[in-house]
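> Need coordinates for the following:
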Amino acid sequence: MSKRLVILRHAKAQQTFTGDDHGRTLTDRGQRQSREVGRWLHASGHWPQAALVSDAMRTRQTFVWIADELGEKAVTPYLDDRLYLASSRTMCSVINETPETVQSLLVVAHMPGVQGLAMQLASSDSDEQTVLSMAEHWPTAGLGIFDVDKPWGQLDGRDAVLTDFITVG
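Take a look at the predicted model:
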């Protein structure tokens, strides 16, 4: 049975005028986007068993609003400072540490790492049009949904099937 990997770019955040990128918070639109992502995850049955979340304020807030929509299906996120503005390679190595008991993993992080990771992982079995759409533009609160047939620790490139690329308001 395939495992599920959901890669999410955080929702819309405030611009910073103080230079504190790490502390940027969500806008009202970002809160709405996060709730919409949570509703989509709930309705589609893509409830994460584990969540890896960048320790930046905007990613943490994105997850809080998602968890609110998931209700009793929500998990406690693992905040990982390595995901803050991480490269796709670093993000993949963090995912590689996921225990094999986890069948559904949500990763909430930042551009350009999320898009780079998704492009790195998308296998030739992925739907070409979905991959092209994902490559062209990854908006805030965009989700890449992947099926993974190998151990998390072996995931490294072209070895996950992109099944959906979801964008919300």
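> switch to C-alpha atoms for all contacts and neighbour counts from now on
Fine.
> Can you list the low-confidence ranges for the protein?
Residue ranges of the chain with pLDDT under 70: none are present.
> all helices of it, in order?
For the chain, applying DSSP state H gives helices covering 28-44, 57-70, 88-95, 113-121, 128-136.
> Which positions within the first one qualify as buried?
So that's helix 28-44. By neighbour count with 16 or more other Cα atoms under 10 Å, helix 28-44 contains the buried residues 30-42.
> picking up where we left off before, reformat the helices of the chain as JSON lines; add distance to Asp21.
JSON lines is the format used below for these (distance: least, Cα to Cα, whole Å):
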{"stretch": "helix 28-44", "distance to Asp21": "16"}
{"stretch": "helix 57-70", "distance to Asp21": "9"}
{"stretch": "helix 88-95", "distance to Asp21": "19"}
{"stretch": "helix 113-121", "distance to Asp21": "16"}
{"stretch": "helix 128-136", "distance to Asp21": "25"}
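> mind checking which of those is nearest Ile145?
Ile145 sits nearest to helix 113-121 of all those, at 9.1 Å, using Cα to Cα.
> In terms of secondary structure, what does the closest one contact?
With contacts defined as 3 or more Cα pairs under 8 Å, 6 or more residues apart in numbering; DSSP states H and E, helix 113-121 has these neighbours: strand 3-9, helix 88-95, helix 128-136.
> ok, Gln33 to Leu121 distance?
25 Å (Cα to Cα, to the nearest Å).
> for Gln129, same thing?
16 Å.
> So between those two, which is more surrounded?
Neighbours per residue (other Cα atoms under 10 Å) separate Gln129 from Leu121, with Leu121 holding more: 22 against 9.
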